[in-house]
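K.L.:
My questions concern the predicted model and sequence given below.
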There are 2 protein chains.
Amino acid sequence: MSGGTTQETVWLDHDQQRSWRAFLVGTTLLMDRLDRELREAHQLSLPEYEILVRLSEAAGHRSRMAVLADSVSHSRSRVTHTVARLEAAGYVARDACRSDGRGVEAVLTEQGLRTLEVAARTHVAGVRRLLVDLVDDADLRAVGRVFDAVTDGLIEGRPGLDIR
Amino acid sequence: MSGGTTQETVWLDHDQQRSWRAFLVGTTLLMDRLDRELREAHQLSLPEYEILVRLSEAAGHRSRMAVLADSVSHSRSRVTHTVARLEAAGYVARDACRSDGRGVEAVLTEQGLRTLEVAARTHVAGVRRLLVDLVDDADLRAVGRVFDAVTDGLIEGRPGLDIR
DNA sequence: TGACGGTGGTTTAACCTTCAACTAGCAGCG
DNA sequence: CGCTGCTAGTTGAAGGTTAAACCACCGTCA
């Protein structure tokens, strides 16, 4: 790129290293726990829950598979599988897309909505208890800024998502 | 617990919600990418890499399985599998523990160390480019504080790890 | 010594995610 | 119209993770 010289590695300083590791470990424990709580209380995994949330926020409680995939940043394949499970559980139905013959819309069912409404309480309680209530509002906003920056850095250059 | 009244759900406010979602999406993208870069450059997954790092930092480049598991916050079972893969790749060897007949120590091999030294450059460069260099130092420290708090909240009460 | 509960670690199967290959419909162009 | 290339979505297999059962060894207590 910039002249053919190999880039010297700049290691992380002590603070950066500590923050990074704290993030790794904390995230692992947190996600693990939130997933487990959701499963035990509602037989719903965190990714499944996230899909239900996006659907509940979409107009008409329905959304194209690709939109769903982008909104949770999962691969299309993964969303196909996740939706298949939700469909088997009766929480979502598939619907052919009117405007595009290739398209498929996922629709939240009545039962899906009811389940989500209950599960959301479990989930939010967990997020509060395990994260939000433990930290400064300012620090939490910093987390938001940081990961918005990360997302921007990674989304950019990805075709079809530059604008967003 | 506190009198039998059902806890009212306190939803997240707008800012909290935004931060939480930014975290979810950003983390997904970031971990995904770091894992991919490590795999493409060194045929090493992020969890595998993490294990190698812990081993390289341990006295004598060796560590008990349980210690390894705790330090990365993965289940023992998961570490068994991960180490098995690393062993198959020739990066780690297993060794019976002298002081405890049940114990097993994982030892970093010469080849493992060499691979790690190269992979670390890839990894750190990624962490910098995709995270550290994009954000304020202060914000990064806030991330550290937040996830330290999360970890404390989750580790505590877990038998054998209260003190830590 | 022997019985007992607890810990360290492995195993197996089920489950979820990823990857690559694939079908089908859209759009542009001759 | 047919050809080409691209996008939407699915499929099935391979790889990684989780969960539960399991074995072996420790420590204690009789």
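P.N.:
Yep, it's here. Numbers count the residues shown, from 1 in each chain, chains lettered A, B, ... in the order given.
K.L.:
Which parts of chain A are helices?
P.N.:
A:14-42, A:46-57, A:65-72, A:76-88, A:110-130, A:137-155 (DSSP state H).
K.L.:
Show me what the fourth one is packed up against.
P.N.:
In terms of contacts (3 or more CB pairs under 8 Å, 6 or more residues apart in numbering or on different chains; DSSP states H and E), helix A:76-88 is packed against helix A:46-57, helix A:65-72, strand A:92-96. For the C-beta atoms, the positions are set from N, CA and C on the backbone; glycine is no exception.
K.L.:
do the first one as well
P.N.:
Packed against helix A:14-42, as judged by 3+ CB pairs under 8 Å, 6+ apart, are the following elements: helix A:46-57, helix A:110-130, helix B:65-72, helix B:137-155.
K.L.:
can it be found next to DNA strand D?
P.N.:
Yes. Counting by CB under 7 Å from any atom of the strand, DNA strand D has neighbours in helix A:14-42: A:32, A:36, A:39.
K.L.:
what is the rounded mean pLDDT of that helix?
P.N.:
Throughout helix A:14-42, pLDDT has a mean value of 97.
K.L.:
so who does A:H61 touch?
P.N.:
When contacts are counted by CB atoms under 8 Å, 6 or more residues apart in numbering or on different chains, A:H61 touches A:55, A:107-108, A:113.
K.L.:
can the residues you listed go into CSV with extra columns for distance to B:S73, pLDDT and neighbour count?
P.N.:
Listed next are those as CSV, based on distance: CB to CB, whole Å; pLDDT from 0 to 100; neighbours: other CB atoms under 10 Å in any protein chain shown:
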residue, distance to B:S73, pLDDT, neighbour count
A:L55, 32, 98, 26
A:V107, 38, 98, 16
A:L108, 34, 98, 25
A:L113, 35, 98, 14
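K.L.:
got a pLDDT number for the residue of chain A at minimum distance from DNA strand C?
P.N.:
At 2.6 Å from DNA strand C, A:G101 is the closest residue in chain A, using CB to the nearest atom of the strand. At A:G101, the model reports a pLDDT of 94.
K.L.:
cool, and A:T6?
P.N.:
Note on A:T6: pLDDT of 70.
K.L.:
which residues touch the closest residue to A:C97 other than its chain neighbours?
P.N.:
In this structure, A:C97 finds its nearest non-sequential neighbour in A:G103, 3.0 Å apart by CB to CB, 6 or more residues apart in numbering or on different chains. Going by CB under 8 Å, 6+ apart, A:G103 touches A:64-65, A:96-97.
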